[in-house]
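Visitor: Mind looking at a prediction? Sequence and model below.
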Amino acid sequence: MGYYAITAGEQVNMYTMRFSLFALIFSLGVLALSPLQAAESVTVHELDNGMRVLVKEDHRAPVAISMVWYNVGSGHEYGGITGISHVLEHMMFKGTAKYPAGKFSSIIAENGGQENAFTSYDFTAYYQFLASDRLETAFKLESDRMRNLTLPEDEFLKEVEVVKEERRLRTEDNPTALTDEQFRAAAWVNSPYHNPVIGWMADLDALTIDDLKDWYRQWYAPNNALLVVVGDVNSEEVIKLAEKYFGRHKPEKISQVKPQLESEQKGERRIVVKAPAELPYMTMGYKVPVVNQADEDWEPYALEVLASLLTGGETSLLQRELVRGKEMLTSVDVSYQAFSRLPQLFVIDAVPADGFDVKQAEVAIEKQIQTLKDRPVTQAELDRIKAGVIAGEIYQRDSVQHQAIVIGMLETLGFGWETMEEYADRISAVTAEQVKAVAKKYLVADQKTVAILDPQPINGKPPSNFTGELR
């Protein structure tokens, strides 16, 4: 299962939350379509060692967020060391000679701040949220651990066990998460998205401290990092602080990442996952392009609108027809990431209601998708979806954390922070015919993978709605 692994133990499912510009916002109702408020400029500066610094001033509150993004994630790993990016994220909190284990977090807490980190397929990020006059403290600490981790082997061995336990609890003992993991492994053959962010258990067992030291040295370098600061700050002063603390590090030779392109899928794929569970579950996905990789530059934006039309709120198509209407499903969700290093999946997952099985659920969902292929959605429905997206983006900009995450994600993936300012216009320009076109082009059987959870008895007791047959 792909996710952003959070150091404090909270796991965020990147597919459920649809971590893209479209997913970082919430639909807040129907408003008249209007352009976003004029954007404040982002100051961009590159240090002599290759580290880039982006600063966006936002003086509405005396706070700031500092984020360091490393252009490395599980999608950069090779066979045998899967999960190493996430393990290194854990080890970043285990101390340097100057700030031993626990000292980093205690200093941030003493300064009234909050901190955390997350690992994804495409990047790893660390952040501190604190009063803007304490920004130098965050820089001092973060710059030190960029190159000076002590990485003691005993701490490494303990932390690998922590990660393995996290895997057991959040994936292996979670039937839907386990099904999602198996689903992605079946959907992707040679894309690095085949592997879970947390890694396979056998690879975690085999990891060594030398593996980790090599990974840290190679990727955690200033010329492979991005510093993003948003809040009540002065851009020139932030850049001076960045020069002082991060500018002293020497650059590293960064390995060229191979294309890692997925082989063409030749037909529908299906798997069944048997695991102890109360309820059956189904997830299916289609291979789709992302921004900068599609045949037409509007296609990813049309796919995002399509995703919202299907499950973007109580009045969306699948919610209206299959959850509240026919009551065939107890839940259904659609996820898609338009901003990614490599092509993605358009994923639909669902839990059938009592009296219905997963096959009936799949057929019903496919029937609703066919309606969108046969005729364009009404203009009123399209306007409602797009208005909610734009309204949500405007309101979300009240959060400096939201702004920093979007800027950091876009810059690390190579799209440029300016994409944030173009996004609403691109969504507004999507037409009903374009939504219909991407549904017909990409949501097809030959690009489809289906995974079904076949519930097994829990402690010897059959599932509550077990029928004895998987149909």
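Guide: Received the coordinates, thanks. Numbering: from 1, shown residues only.
Visitor: Let me see the domain layout of this structure.
Guide: As recorded under automatic domain parsing, the domains making up the chain are 40-245, 269-456.
Visitor: Kindly reformat the ones you listed as CSV containing mean pLDDT, mean neighbour count and distance to S263.
Guide: C-beta coordinates here come from the backbone N, C-alpha and C atoms, glycine included. CSV is the format used below for those (pLDDT from 0 to 100; neighbours: other C-beta atoms under 10 Å; distance: least, C-beta to C-beta, whole Å):
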stretch, mean pLDDT, mean neighbour count, distance to S263
domain 40-245, 97, 19, 5
domain 269-456, 94, 19, 11
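Visitor: export those to a markdown table and tack on distance to Q256?
Guide: As requested, the domains of the chain are exported to a markdown table (distance: least, C-beta to C-beta, whole Å):
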| stretch | distance to Q256 |
| --- | --- |
| domain 40-245 | 11 |
| domain 269-456 | 14 |
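Visitor: pretty sure T330 contacts V323?
Guide: Yes. Assessed by C-beta atoms under 8 Å, T330 is found in contact with V323 at 7.2 Å.
Visitor: which residues does Y70 contact?
Guide: F123, T124, A125, W219, Y220, N224, A225 (C-beta atoms under 8 Å, 6 or more residues apart in numbering).
Visitor: Helices - which of those residues land there?
Guide: W219 (DSSP state H).
Visitor: which one of the contacts of Y70 is nearest I365?
Guide: Distance to I365, by C-beta to C-beta, is smallest for F123 among the contacts of Y70, at 32.0 Å.
Visitor: if I pick the closest one, what's in contact with it?
Guide: W69, Y70, N71, V72, G73, G408, M409, T412, L413.
Visitor: how much space between the residue lying closest to the fourth one once chain neighbours are set aside and I84?
Guide: Read that as V72. Distances taken as C-beta to C-beta, 6 or more residues apart in numbering place W219 nearest to V72, at 4.0 Å, with adjacent residues excluded. Look at W219 and I84: by C-beta to C-beta, to the nearest Å, they are 10 Å apart.
Visitor: if we can go back for a sec, who are the neighbours in contact with the residue nearest to V72?
Guide: Y70, N71, V72, H76, I254.
Visitor: Distance of the first one relative to L309?
Guide: With distances defined as C-beta to C-beta, the gap from Y70 to L309 amounts to 35 Å.
Visitor: can you check the fourth one too?
Guide: According to C-beta to C-beta, H76 and L309 sit 34 Å apart.
Visitor: correct me, but G75 touches H194?
Guide: No. If you go by C-beta under 8 Å, G75 and H194 don't touch, sitting 9.7 Å apart.
Visitor: where do the helices sit along the stretch 51-200 of the chain?
Guide: In the stretch 51-200 of the chain, the helices defined using DSSP state H, counting those that start in this stretch lie at 84-91, 103-110, 135-147, 153-167, 175-187.
Visitor: Distance to R375 added to these, as JSON lines?
Guide: JSON lines is the format used below for the helices of the stretch 51-200 of the chain (distance: least, C-beta to C-beta, whole Å):
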{"stretch": "helix 84-91", "distance to R375": "45"}
{"stretch": "helix 103-110", "distance to R375": "55"}
{"stretch": "helix 135-147", "distance to R375": "53"}
{"stretch": "helix 153-167", "distance to R375": "45"}
{"stretch": "helix 175-187", "distance to R375": "29"}
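Visitor: Quick check: which of the ones you listed is nearest to Q370?
Guide: That would be helix 175-187 among these, by C-beta to C-beta, at 21.5 Å.
Visitor: Going by contacts, tell me the helices and strands next to the closest one.
Guide: Judged by 3 or more C-beta pairs under 8 Å, 6 or more residues apart in numbering; DSSP states H and E, helix 175-187 is in contact with strand 269-276, strand 281-288, strand 344-352, strand 448-456.
Visitor: which neighbours does the third one have in its sheet, and in what orientation?
Guide: Here strand 344-352 is paired, per DSSP bridges, with strand 281-288 (antiparallel), strand 329-335 (antiparallel).
Visitor: Including distance to L141, could these go into CSV?
Guide: Formatted as CSV, the strands paired with strand 344-352 follow (distance: least, C-beta to C-beta, whole Å):
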stretch, distance to L141
strand 281-288, 40
strand 329-335, 35
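Visitor: Can you tell me how far L372 is from P175?
Guide: Counting by C-beta to C-beta, the gap from L372 to P175 is 30 Å.
Visitor: rewinding a little: among the helices of the stretch 51-200 of the chain, single out whichever gets nearest to T43.
Guide: Short answer: helix 135-147, nearest of these by C-beta to C-beta, at 14.6 Å.
Visitor: Only C-alpha atoms, please: export the closest one in CSV.
Guide: Extracted in CSV, the C-alpha atoms of helix 135-147 (Å, rounded to 0.1, in the frame of the first residue of the first chain):
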residue,chain,number,x,y,z
LEU,A,135,13.0,30.2,12.4
GLU,A,136,16.8,30.2,12.9
THR,A,137,16.4,27.5,15.5
ALA,A,138,14.8,25.2,12.9
PHE,A,139,17.6,26.0,10.3
LYS,A,140,20.3,25.3,12.9
LEU,A,141,18.9,21.9,13.7
GLU,A,142,17.8,20.8,10.2
SER,A,143,21.1,21.8,8.6
ASP,A,144,23.1,19.8,11.1
ARG,A,145,21.3,16.5,10.5
MET,A,146,21.5,17.0,6.7
ARG,A,147,25.1,15.7,6.8
